[in-house]
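Asks: below are the sequence and a predicted model; questions follow.
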Amino acid sequence: MSKANTDTVAERRLRPIYDWLDNGNNKKAIQEADKVLKKQPDLLCAKVLKGLALLRLGKNKDCEDILEGVKKEAPADDCTLQAMTICYRETHKLEKICDVYETAVTKDPYNEELNTHLFMSYVRISDYKKQQQVALNLYKIKPKNPYYFWGVMSILMQAQTKDEKVAQKVLLPLAERMVKKFIDEGKIEAEQEIQLYIMILEMQKKYKEALKMIESELGQKILSYFIFSRKRIKLLTSLETWNELNIYSKKILLEEPDAYNFYVTYIDSVFKLIEIKETDADIGNVGNCNKSNMFNTYRDELIYPDDTIELCVSFIKQCQEKNEQPHRLRGPYIAMLLLYKKLVEKKYDVLKFLGNPLDLFINYFEIFAEKACCFKDLYQFLPLIQNEYISLLSSTWALIKKTNDGEVKNKKQMMMYLTHFQISRYFGIHEMFSVNDKLTQISRLLDFYHDGHRFNSNLTLTDLGSSDVFMILVVHSLYDLYLDTSDFKFLKDAICLLEYAYNFSPSNHHFKLLLLKLYNMLGATKAGYKYFQLLEIKHMQYDSLGYLQCWPLLYSGQYSFAIHLLDHTLKFFSVNYKETADQLTHAYKYGSFEKVHEFLNFREKLKNSFHYSLVTIEHLINDLIHLPSHEVTVQSAQNLSINPEKPMTDLDHLVDNRDVNLFLNFDCDSKRMNETYAKLSFEHEISLIRLRTILLRCIGASINVCLFVPSVKSNGVSNNEITHALSNGIDESAVKHLNIFSNVIEELKEQYTYFKENPPKSISKNVFSGVEQSYLFTYINSPFFLPLFIDAMSFAHEFCTLCLSEDCKNKKLGKTAEISLNAFSKLIADCNVKITTIQSSYNDLCHREIFEFFSLVVEIVCVMSIICGNLRSVLLASSKKSLTPARRKKKKAKEISEIEANGCKNKERTEEDVLKLYTYYVSTVKDNVKNLENNLSHLESCWSQLEIHKADFEIRRWQSQDDNESEISPILGISDQRWAHIQAEVNQNLNDSYITSAKQLRNIVKQKVEYLSLLLF
């Protein structure tokens, strides 16, 4: 049979396997592969596809065995190699893809397709030297431009990773000569090739040559206008040719008067020219250009550089005048504000050049106050008039009153009110109000919100409501009242109003974010998770926004939702590495060489994300501590491969990818998540990672102590047998594990001492942002968690050392045990007191703090359970070692009888006493955990029976403290019946979340009661 016919038969036989794999039916794919292999045992592709199906069923070892067998056959057919590539990609073993294609190319060195795949396999692992070799070899086989420039780009990437001296003297000149040769020979075909040449010149700081290239006929012909303008501005700035930069910026602005970025460049160039003019009278030396020759044309008019403030002001006014039309552009007006800011920074006489700067703000407000972006545009400039804010607010109010007689007649007038209120909040006018004044202001804002509904008649469900921002201002005001009074009812009021507004504007992500934040603040994280899901977080947002909900869920006892979110987050990070490798191959394939750097930086950014590290650590901890039995815990620890000897993460390279400013905020910079606060928050999270890593390593080290010997079951092992075991001497492999365990405990003690002596500075509650206070504070401020954790681990270390050593006498052991048991018993008693307090003072407590407390209690219970299991494993392991025939033959009968006789007579702690101590320790822990289970059961019933405080936001009217008869109108636009329905929904959300948290906490504790019961002999 011919090769073509054989390939056709093979393809026909493989088709059903591909179909089953595409449909996700891996078992059927295996069955179909077995059928094919019966008919054609040497069909390697069928074997690999069977391995792929096994891999997707979780049978990684079977898949690896199949791949290794196929690899030895050195396949060279495309279908087999592609199937192996998929397997190695899914197992994240990208280097093995290189191995199989290297072997294939050895068989067929002139195969263009195989060489192309080999090149892409090196791209995935960033082996730039081999990329270069394969690319140039490809060009020899098939002289195509893309292959040649793959080689050039590979040299460029080597230059970025090698020593600077080697890069500048060897690699970059080589890359430049290679491209220059193609330019001289007229072989340039694509825009990307010119871009690559410019990149090489820029890396060598040959800006003049790069500028000459883009201004050449070839550069202007190939480069798009956008890339041309951006590159020219960048190069002129690098060359510091301010005259040319100024002229070119002016030319672009005359064509595009709303191009704000070019106004920034233009104004910067003006001040540079002024500086040079002041230091050097001969301005002709600037950029090696003569001013008389420095001009350009725009519509047959000469353009000269502006080197004075007067000329700059004149030009911006010219842009404003050209912009006089029904829909005026904002760019020229923002440019004038930017010039004002620059004059203040440079300490110029502003009045001399611009007149009263307040007029700039008033003018901007008058023209653009109707736009939603008006406040955002003015925000960066408002600090400049901090001392004149009263005059500004008075002027804006006068403009508003000038346009209406107190009645809002159209959307434009409503937006002017909104902008005025936003500016007012920025300057902190609300901080001067009393509680009643703030309530009056809230009622007024609500009036505007309801009145604005009449402008929403033509909006679709996906559009934001015209007056939605008024509701956001209301929520911020209620949050202020909460800070002033510490009364949680204001947060509940805010939730009720947001739920009401959300019904009218279900696509408003600001409402979802605020509801998520406020529910989490009240400890109702299940309700918050609902809105987190409605945000439809995808891809990169798991890293940038995942912090909003991961930790609140975990520390409020919502373990099922938390683990689900952690799984999805880890899946994103895992898949990202594979997808980024594919993106890199596509960047080479399509010649998007500038994107190669972006994709590599993106991959590194995600790889070093602190959120990724923290999610990984928390997932490992929860995988260990929430298991039903000690045998499963030990097996899980082996599978997770925790290394207690060193930290899992290099903390120095971690980066913060969070979007910390996604909440709409109208406060000044000191009450926003500014760079200082963001940096402080990041430091807190790094400290939390360090602490949680040590805790995880400590748990792993304690388990490793009992892993060096085979584990045995308690069935058939008597107390006397365990007693014999304790006198047989320490196992050599235990020394290493015990030392590691001891070192990690000492490291934890040092960390705890450091936090006590250097408590971290917290972020003020006035900062309204998605970034809540780090859960680092939950751990270090807890009076019981770290001390009890350290005491329990110290006892476990001493106990294991005692059991595995020849000297079974340790007077301190009982004392160490009592310390940890007393602390644990006191903690459980405190839980009972706290639950009683909850029942008596329900509405005055912070439920978030309650659940954080109980989540720590449950975590320490899980740790204590693991410790008890480790103690049991050590006893049983020692028993097994001592009772083996080999060991008993080594001892004479007389020696054994002497050990048995003398052991019980010793007045100090004997081997039997160790067993009694173990039994006492585990029994006491179990009794306390059982008591905690009963307490949590009462906590669950507490929320089932008590009615949550009703958030009756001023349906009953607020009474003035000064005049009991003065009244403020109730909420307009919401009927009593509608408001009662909203209250009921919010109460149900809160109640359901609290009950679910209490139930999940109790279930974990109940599981640990059974866990501990299995540990008793």
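Replies: On my side now, so go ahead. Residues are numbered from 1 along each chain as shown.
Asks: who touches residue 368 in this structure?
Replies: 328, 330, 333, 374, 377 (C-beta atoms under 8 Å, 6 or more residues apart in numbering). For glycine as for every other residue, the C-beta is placed from the backbone atoms N, C-alpha and C.
Asks: top of these by neighbour count?
Replies: residue 374 (22 neighbours; other C-beta atoms under 10 Å).
Asks: pretty sure that residue sits against residue 419.
Replies: Yes. At 4.7 Å, residue 374 counts as touching residue 419 under the criterion of C-beta atoms under 8 Å.
Asks: these two touch, right, residue 986 and residue 495?
Replies: Yes. Counting by C-beta under 8 Å, residue 986 touches residue 495, with 5.4 Å between them.
Asks: quick one: which of these two has more around it?
Replies: residue 495 (29 against 26).
Asks: next structured bit after the helix or strand containing that one?
Replies: Assigning secondary structure by DSSP states H and E places residue 495 in helix 489-504. Going down the chain from helix 489-504, the next helix or strand is helix 509-521, by DSSP H and E.
Asks: what does that next one contact?
Replies: 468, 471-472, 475, 491, 494-495, 498-499, 501-502, 505, 525, 527-528, 531-532, 534-535, 548-549, 552, 556, 662-664, 770, 772, 848, 989-990, 993.
Asks: what pLDDT does residue 883 get?
Replies: For residue 883, the pLDDT comes out at 39.
Asks: spit out the contact partners of the closest residue to residue 559 other than its chain neighbours.
Replies: Spatial nearest neighbour of residue 559, excluding adjacent residues (C-beta to C-beta, 6 or more residues apart in numbering): residue 1000 at 5.3 Å. Residue 1000 makes contact with 557, 558, 559, 560, according to C-beta under 8 Å, 6+ apart.
Asks: adding pLDDT, write those residues out as TSV.
Replies: Shown next, in TSV, are these (pLDDT from 0 to 100):
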residue	pLDDT
557	91
558	93
559	93
560	93
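Asks: out of those residues, which end up buried?
Replies: 557, 558, 559 (16 or more other C-beta atoms under 10 Å).
Asks: residues near the closest residue to residue 39 other than its chain neighbours, how many?
Replies: Among residues not flanking residue 39 along the chain, residue 13 sits closest, at 7.1 Å (C-beta to C-beta, 6+ apart). Residue 13: 19 surrounding residues under other C-beta under 10 Å.
Asks: residue 651 contacts residue 687, doesn't it?
Replies: No. In this structure, residue 651 is not within contact of residue 687 by C-beta under 8 Å, at 9.2 Å.
Asks: who has more neighbours out of those two?
Replies: Each of residue 651 and residue 687 has its neighbours counted (other C-beta under 10 Å); residue 687 has more, 20 against 13.
Asks: who are the contact partners of the more buried one?
Replies: 755, 760, 774, 776 are the contacts of residue 687 under C-beta under 8 Å, 6+ apart.
Asks: which helix or which strand is home to the nearest residue to the second one once chain neighbours are set aside?
Replies: Spatially, and ignoring its direct neighbours in sequence, residue 760 is nearest to residue 684 (5.8 Å; C-beta to C-beta, 6+ apart). When secondary structure is defined using DSSP H and E, the element that contains residue 684 is helix 675-705.
Asks: related to what we said a few turns ago, in JSON lines: the contacts of residue 1000, plus secondary structure and distance to residue 278.
Replies: Formatted as JSON lines, the contacts of residue 1000 follow (DSSP: H, G, I helix; E, B strand; the rest coil; distance: C-beta to C-beta, whole Å):
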{"residue": "557", "secondary structure": "coil", "distance to residue 278": "67"}
{"residue": "558", "secondary structure": "coil", "distance to residue 278": "64"}
{"residue": "559", "secondary structure": "helix", "distance to residue 278": "67"}
{"residue": "560", "secondary structure": "helix", "distance to residue 278": "69"}
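Asks: so which residue is dead centre in this protein?
Replies: In the chain, the residue lying closest to the centroid (C-alpha atoms, centre = their mean) is residue 543, at 3.0 Å.
Asks: isn't residue 199 up against residue 159?
Replies: No. Between residue 199 and residue 159 there is no contact under C-beta under 8 Å: 10.4 Å.
Asks: got phi/psi on residue 111?
Replies: phi -80, psi 110 (degrees, to the nearest 10).
Asks: can you tell me which residues contact it?
Replies: 104, 105.
Asks: how close does it get to residue 601?
Replies: Distance of residue 111 to residue 601, computed by C-beta to C-beta, to the nearest Å: 34 Å.
Asks: picking that back up, show the buried residues in the contacts of residue 687.
Replies: 755, 774, 776.
Asks: take the helix or strand where residue 483 lies, keep the C-alpha atoms, and write them as CSV.
Replies: Using DSSP H and E, residue 483 maps to helix 468-485. Extracted in CSV, the C-alpha atoms of helix 468-485 (Å, rounded to 0.1, in the frame of the first residue of the first chain):
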residue,chain,number,x,y,z
ASP,A,468,-27.0,57.3,39.1
VAL,A,469,-24.0,59.3,40.4
PHE,A,470,-26.3,61.2,42.8
MET,A,471,-27.0,57.8,44.5
ILE,A,472,-23.3,57.1,44.7
LEU,A,473,-22.9,60.5,46.5
VAL,A,474,-25.6,59.5,48.9
VAL,A,475,-23.8,56.2,49.7
HIS,A,476,-20.6,58.1,50.3
SER,A,477,-22.4,60.4,52.6
LEU,A,478,-23.9,57.5,54.6
TYR,A,479,-20.5,56.0,54.9
ASP,A,480,-19.3,59.3,56.4
LEU,A,481,-22.1,59.1,58.9
TYR,A,482,-21.0,55.6,59.8
LEU,A,483,-17.5,56.9,60.4
ASP,A,484,-18.9,59.7,62.5
THR,A,485,-21.2,57.6,64.7
